[in-house]
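Trainee: Kindly return the folded structure for what I paste below:
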Amino acid sequence: MSKPTILIVGGSFAPPEVYNDIVDAIAAKGYDIKALHYPSIGWRAGPRPEKLPTMYDDAAFVAKQVSKLADEGKDVVLIAHSYGGVPAAESTKGLTKKERQSQGKRGGIVRLAYISSLVPPVGRSSQSLLAEIPSENRIEFKTDEQGWMDYVDLPAAATLIVSDLPDAKEREATVGNFQTHSSASFATELTHPGYKDLPVSYLLCEEDALLPPKYQRDWIELIERESGNKVDVTSLQAGHCPNFTKPQEVINWIVNAAAKGENK
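Mentor: Next up, the predicted model:
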């Protein structure tokens, strides 16, 4: 059996290091896996691009990583978390294994797997979906003169992002490792619904205080309605970032999703 390569398209504000424990554990099982640092994740200190990155820049970055792997003949599973679900879907155009095979090419994306992710229909943005969520579940952001977002109140944000970590200091320390994020990325509308063209898995986080389960279920229904296919749904009693609070369950779920995409 040939194992697919796994690319993690993480959440907003979340640099790749956020997923290190997950990546290391899955790599130890023989998978080639990498968490991506796409353009709209900035740094609180250090150089920033002159032009504020949009979701399209993130999608293009993901697509470039996938193209390189596919051209090497590799199958790819995209694991999308939170905001990452939007650029992940946008990035798949022309890169599914089925599309590439029709052009006589090897490799390509074989599965799209969401972890408590935003899933907009065409013409909708992350911002428009988040606006529908009750105010008590929303993080308040401040935006600097260059358009980079940060948290107005880190403890309040941490309470939503890692609500299932019981200790307040641990919550704040965890989210304190996150970075800034481009405001332009939240406003960019989806043009390519990649979830229509691929088998989809979804890890539904039942204790998510940021993207409540009701909305996750609505997005799963959207995928099934648009694609005509059932989503492989797994429910987990966890908050928005189960990679911190239920790491073994997330590791098992990712490995299972990848196994469904293996070339046997």
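
Trainee: From here on, just use CA atoms for contacts and neighbour counts.
Mentor: Noted.

Trainee: and the helix or strand hosting L7, average pLDDT?
Mentor: For L7, the element it lies in under DSSP states H and E is strand 5-9. For strand 5-9, the mean pLDDT works out to 98.

Trainee: mean confidence for the host helix or strand of Q65?
Mentor: Q65 belongs to helix 55-71 when assigned by DSSP H and E. Here helix 55-71 scores 98 as its mean pLDDT.

Trainee: so what's the nearest residue to P213 once chain neighbours are set aside up against?
Mentor: Residue nearest to P213 in three dimensions, not counting chain neighbours: E206, with 5.5 Å by Cα to Cα, 6 or more residues apart in numbering. Neighbouring residues of E206 by Cα atoms under 8 Å, 6 or more residues apart in numbering: P212, P213, S235, L236, Q237, A238, G239.

Trainee: still on that earlier bit, the strand holding L7 pairs with which strands?
Mentor: Here strand 5-9 has these sheet partners by DSSP bridges: strand 33-35 (parallel), strand 75-81 (parallel).

Trainee: Low-confidence ranges, the stretch 151-264 of the chain, go.
Mentor: Per-residue confidence for the stretch 151-264 of the chain (pLDDT under 70) gives these ranges: 263-264.

Trainee: ok, and for stretch 36-53, which residues are buried?
Mentor: Buried residues in stretch 36-53, counted by 16 or more other Cα atoms under 10 Å: L36, H37, Y38, P39, S40, I41, G42, R48, L52, P53.

Trainee: In CSV, list the residues you listed along with secondary structure and distance to Q179.
Mentor: Conversion of the buried residues of stretch 36-53 to CSV gives the following (DSSP: H, G, I helix; E, B strand; the rest coil; distance: Cα to Cα, whole Å):
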residue, secondary structure, distance to Q179
L36, coil, 14
H37, coil, 11
Y38, coil, 12
P39, coil, 12
S40, coil, 10
I41, strand, 7
G42, coil, 6
R48, coil, 12
L52, coil, 15
P53, coil, 15
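
Trainee: Let me see the ranges of the strands in the protein.
Mentor: Secondary structure of the chain (DSSP state E): strands located at 5-9, 33-35, 75-81, 108-115, 141-143, 148-151, 181-182, 200-205, 232-236.

Trainee: possible to save these as a markdown table with mean neighbour count and distance to S128?
Mentor: Below are those laid out as a markdown table (neighbours: other Cα atoms under 10 Å; distance: least, Cα to Cα, whole Å):
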| stretch | mean neighbour count | distance to S128 |
| --- | --- | --- |
| strand 5-9 | 25 | 20 |
| strand 33-35 | 20 | 26 |
| strand 75-81 | 27 | 18 |
| strand 108-115 | 28 | 19 |
| strand 141-143 | 15 | 15 |
| strand 148-151 | 22 | 17 |
| strand 181-182 | 24 | 16 |
| strand 200-205 | 24 | 21 |
| strand 232-236 | 13 | 24 |
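
Trainee: Between those strands, which one is closest to K93.
Mentor: Closest approach to K93 among those is made by strand 108-115 (9.9 Å; Cα to Cα).

Trainee: so what's V250 up against?
Mentor: Shown in contact with V250 (Cα under 8 Å, 6+ apart): I22, P242, N243.

Trainee: out of those, who has the most neighbours?
Mentor: Highest neighbour count within the contacts of V250: P242, with 25 neighbours (other Cα atoms under 10 Å).

Trainee: Contacts only, for that one.
Mentor: Taking Cα under 8 Å, 6+ apart, we find P242 in contact with C205, V250.

Trainee: That one and S163, how far apart?
Mentor: Distance, P242 to S163, by Cα to Cα, to the nearest Å: 10 Å.

Trainee: on that earlier part again, okay if I get the strands of the chain as a markdown table plus distance to I133?
Mentor: What follows is the strands of the chain, written out as a markdown table (distance: least, Cα to Cα, whole Å):
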| stretch | distance to I133 |
| --- | --- |
| strand 5-9 | 22 |
| strand 33-35 | 28 |
| strand 75-81 | 18 |
| strand 108-115 | 18 |
| strand 141-143 | 15 |
| strand 148-151 | 18 |
| strand 181-182 | 20 |
| strand 200-205 | 16 |
| strand 232-236 | 20 |
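
Trainee: returning to what we had before: narrow the contacts of V250 to those in helices?
Mentor: Filtering the contacts of V250 for membership in helices, criterion DSSP state H, returns I22, P242, N243.
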